[in-house]
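J.: Show me the folded form of this:
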Amino acid sequence: MDLAQTFHGRLTHDVAHGALRDGTIRYLMMRPDVLMGLFARLGPALRPVALEALGASVTAFGGRSVAAYWAAGADDPEVMMDTIVTTSAALGWGRWRFTPQPGGAVEVQVENSPFAEGLAASGPVDAPCCAPIAGMLTAIAPLVVGEGAVAHEIRCAAVHGGGACRFVITR
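T.: Just a heads-up that it's a prediction; the model follows:
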């Protein structure tokens, strides 16, 4: 994987096999309202459980992408955060901004989250829904904050009727 190339420069479209790949990593294009509409249909009792499971899955499998980026040269916290910012935007996951905080925490602001927009398309949202972003941030958390670090969504645009989603990475 050559991180000097843009994500889209590395992406291969294998139309014959119906696959999009960045090296060995496969990606999927999907409308956010289709994905998040599933959570709207689960109802208030199951939605948090399913979102937590999705976040944990992104942590596990997104962690494989993080490991690949690390091995390809994104092997310090600043380079990793820059790689995640550009890759997230290229994947349509919104515009991310990392801001170090006193005490070693990192705040992440995400403008235009497809997950917030996708769930809000189904109606009012009463709890944070950007578990995939929190999952990816948890995957990189040990590299940017230290072992045992995790990410939590502290403001969701879907709940607040717009604006940015915000996350904090802490130990």
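J.: quick one, what contacts the most centrally placed residue in the chain?
T.: In the chain, the C-alpha nearest the mean C-alpha coordinate belongs to Ile133, at 2.9 Å (C-alpha atoms, centre = their mean). Shown in contact with Ile133 (C-beta atoms under 8 Å, 6 or more residues apart in numbering): Trp93, Gly94, Val108, Val110, Ser113, Phe115, Ala151, Glu153, Cys165, Phe167. The way it works is simple: take the backbone N, C-alpha and C, and place the C-beta from them, glycine included.
J.: what's downstream of the longest helix that the chain contains, the next helix or strand?
T.: For the chain, the helix that runs over the most residues, judged by DSSP state H, is helix 32-71. Downstream of helix 32-71, the next assigned helix or strand under DSSP states H and E is helix 77-91.
J.: Spatially nearest residue to Asp82 (excluding sequence neighbours)?
T.: Ala74 (7.6 Å; C-beta to C-beta, 6 or more residues apart in numbering).
J.: can you give me phi and psi for the one you found?
T.: Dihedral angles phi and psi of Ala74 (degrees, to the nearest 10) take the values phi -90, psi 60.
J.: do you know how far the residue lying farthest from the centre of the chain is from Phe98?
T.: Here the chain reaches farthest from its C-alpha mean at Ala16, the gap being 28.5 Å by C-alpha atoms, centre = their mean. According to C-beta to C-beta, to the nearest Å, Ala16 stands 38 Å off from Phe98.
J.: just Arg26 next, same as before
T.: 26 Å.
J.: Repeat that for Ala67.
T.: 19 Å.
J.: who's more crowded, these two?
T.: Using other C-beta atoms under 10 Å, the more surrounded residue of Ala67 and Phe98 is Phe98, with 20 against 12.
J.: For the residue lying closest to that one once chain neighbours are set aside, give me its contacts.
T.: Excluding the flanking residues, the one nearest Phe98 by C-beta to C-beta, 6+ apart is Met81, at 4.5 Å. Residues in contact with Met81 (C-beta under 8 Å, 6+ apart) are Phe98, Val106, Ile140, Val144.
J.: In PDB, list the C-alpha atoms belonging to stretch 143-159.
T.: Provided in PDB are the C-alpha atoms of stretch 143-159 (Å, rounded to 0.1, in the frame of the first residue of the first chain):
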ATOM      1  CA  LEU A 143      -1.800   4.700  18.700                       C
ATOM      2  CA  VAL A 144      -2.800   8.400  19.300                       C
ATOM      3  CA  VAL A 145      -3.500   8.400  23.000                       C
ATOM      4  CA  GLY A 146      -2.000   5.200  24.500                       C
ATOM      5  CA  GLU A 147      -2.900   1.700  25.500                       C
ATOM      6  CA  GLY A 148      -6.400   1.300  26.900                       C
ATOM      7  CA  ALA A 149      -7.700   4.400  25.100                       C
ATOM      8  CA  VAL A 150     -11.200   4.300  23.700                       C
ATOM      9  CA  ALA A 151     -13.500   6.800  21.800                       C
ATOM     10  CA  HIS A 152     -17.000   8.000  22.800                       C
ATOM     11  CA  GLU A 153     -19.400  10.100  20.900                       C
ATOM     12  CA  ILE A 154     -20.200  13.200  23.000                       C
ATOM     13  CA  ARG A 155     -22.400  15.100  20.500                       C
ATOM     14  CA  CYS A 156     -24.400  13.700  17.600                       C
ATOM     15  CA  ALA A 157     -25.700  15.900  14.800                       C
ATOM     16  CA  ALA A 158     -28.700  13.600  14.400                       C
ATOM     17  CA  VAL A 159     -29.800  14.200  18.000                       C
END
